[in-house]
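# Coordinates only, no sequence provided:
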């Protein structure tokens, strides 16, 4: 009987010894994991299918990725507990969504809530680029149409509060446009007739003398406009126009008109001595020695015409500031005086 008990005990001991490895293998084959799931929606609660859901360990670069179902759902199985994870969800036409770190417990079934994707806020940037040439072109087109009572050209006046500088091409185009305007030609006829009546310069009388006076008046005006209104302004980078003030006291407007004859606006908007206008008058007066009669030539002619030219400029500026502006068509219609 005693031997039977010994045999039974031995058998039990062997059975127990053999069972321990089997239990160990069983415990290794069934690890305790967790599950993460959720539903992806927009801010209005509508589900978003085919969104990309990425589950990533915070300290690792080996993510797991799946797509949401037609119901916007996703589910990750066999997630290792005790490790911080993070969800990142993206979808077309939506901003990305990212969760706070998630740490799971063994066998936990985690439902992530509050997953709402927003439509991105688009910022429209308007790049306002000031192009002085384009601005000058638009202002120049308006100035080309300025006429007193819609007839007499008044192109060399800017009524803009912040005028853009003229380009060299615009300066020459403006000078040629004034010189060749039919009204300018009519004015030359009138001035030549007045000089014919006054017998000045000393060309005598008759049609031949009138033709010479007409040519002299035309040459005086053309040389003054081309040199003082195009060539020198282009070389010296000065603006040949008169800049209408229109506001302020009569005294300030009077000073502005008078000083404009001697002070020019540079292409950079700075005030400078008006070498262009003064030089144009002086050059025109000097060139007259080439075609005036000998009896009218000399320094007296030059300085006399120069003084007359400056006086005419001052008178023209005063007329622009206080009178002509009221009757000049701007933008196709007359503007009232400021």
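Perfect, thanks for sending it. Computed from a predicted structure; not experimentally measured.
# secondary structure element for the residue most central in space within the chain?
Nearest residue to the geometric centre of the chain (CA atoms, centre = their mean): residue 129, 1.1 Å. When secondary structure is defined by DSSP states H and E, residue 129 falls outside every helix and strand.
# For it, give me its contacts.
If you count contacts by CB atoms under 8 Å, 6 or more residues apart in numbering, residue 129 has none. The C-beta positions use only the backbone N, C-alpha and C, and glycine is treated the same way.
# go on, residue 288?
Taking CB under 8 Å, 6+ apart, we find residue 288 in contact with 216, 219-220, 297, 301-302, 305.
# try it again with 10 Å
Neighbouring residues of residue 288 by CB atoms under 10 Å, 6 or more residues apart in numbering: 201, 216, 219-220, 223, 296-297, 301-302, 305.
# hmm, back to that, from residue 326, how far out is the residue nearest to the centre of the chain?
36 Å (CB to CB, to the nearest Å).
# Same question for residue 99.
According to CB to CB, residue 99 stands 74 Å off from residue 326.
# Residue 38 too?
Where residue 326 is concerned, residue 38 sits at a distance of 77 Å (CB to CB).
# need the helices for this structure, in chain order.
Using DSSP state H, the helices of the chain run over 2-29, 132-143, 168-179, 182-198, 207-226, 232-236, 250-259, 275-287, 299-319, 325-327.
# distance of the closest residue to residue 216 other than its chain neighbours from residue 215?
Once flanking residues are discounted, residue 216 sits nearest to residue 291: 5.9 Å by CB to CB, 6 or more residues apart in numbering. For residue 291, the distance to residue 215 equals 7 Å [CB to CB].
# Then residue 262?
31 Å.
# before we move on, what about residue 293?
13 Å.
# Touching both of these two, which residues are there?
With CB under 10 Å, 6+ apart as the test, residue 293 and residue 215 both reach residue 203.
# before we move on, the earlier item: least confident of the contacts of residue 288?
Within the set of those, pLDDT is lowest for residue 301 (83).
# Next, the contact list for that one, please.
201, 285-286, 288-289, 292, 295.
# Just the buried ones from these?
201, 285-286, 288, 292 (16 or more other CB atoms under 10 Å).
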